[in-house]
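> sequence and predicted structure, then a few things I'm wondering about:
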Amino acid sequence: MLIFLLSAVLRKEHRVKYIYHFNTETIAIDIPEGDYEILIELDRVERNVNQKETRRHVSLEAYNLNDNLIPSDSNVEASCLRNLDNEALESALGKLKPQYQALIRQVFFENRTMASLAREEGVGESTIRERLNRSYKKLKKLLE
């Protein structure tokens, strides 16, 4: 350490303050400018490794990947049936005309009111209601 400091003084290198932040304190050290870039790179690598390690140790119970993982306290049969129903509904929705698909998505998934849809399209609420009823009938046929 002493040799390092003496060589730095003899060469009159530019020195840079490097600050370490800890939970309870902050420490600043003087280092040669050439070593500053190396320390920055080492800190970046350490941060990436820590992040990678943290991701590996997260419990799988914290995840629910596309409803594929089922919590132990749930009814597995009911959950499977619900997934099948959802898949059938998505498939049937995909077979509807685009205008009916959009209407159902706006009413049920975007929580739009028939009045706001009617105002937006410049038609009466009864027209929106009729379109919705037609889309229900077609959807019902597709699901049977």
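Now that the structure is in, tell me what you want to look at.
> who does the helix or strand hosting Gln99 touch, helix- and strand-wise?
Per DSSP states H and E, Gln99 falls inside helix 98-104. Counting contacts by 3 or more CB pairs under 8 Å, 6 or more residues apart in numbering; DSSP states H and E, helix 98-104 packs against helix 76-95, helix 125-143. Glycine gets a C-beta too; all of them are placed from N, C-alpha and C.
> please redo it, this time with the cut-off set to 7 Å
Where contact means 3 or more CB pairs under 7 Å, 6 or more residues apart in numbering; DSSP states H and E, helix 98-104 is packed against helix 125-143.
> and the gap between Glu37 and Ala92?
Glu37 sits 60 Å away from Ala92, going by CB to CB, to the nearest Å.
> same deal with Arg112?
Distance, Arg112 to Ala92, using CB to CB: 21 Å.
> in the helix holding Gln99, what counts as buried?
By 16 or more other CB atoms under 10 Å, the buried positions in helix 98-104 come out as 100, 103-104.
> which regions of this protein sit below the pLDDT cut-off?
1-13, 53-74, 76 (pLDDT under 70).
> so which helix or strand takes in Tyr18?
Assigning secondary structure by DSSP H and E places Tyr18 in strand 15-21.
> parallel or antiparallel, which strands does that strand pair with?
strand 26-32 (antiparallel) (DSSP bridges).
> quick check: what element follows the strand it pairs with along the chain?
Per DSSP H and E, the helix or strand that comes after strand 26-32 is helix 33-56.
> look up the closest residue to Lys17, ignoring the ones flanking it.
Nearest residue to Lys17 in three dimensions, chain neighbours excluded: Ala28, at 5.1 Å (CB to CB, 6 or more residues apart in numbering).
> could you do Lys138 as well?
Leu96 (6.0 Å).
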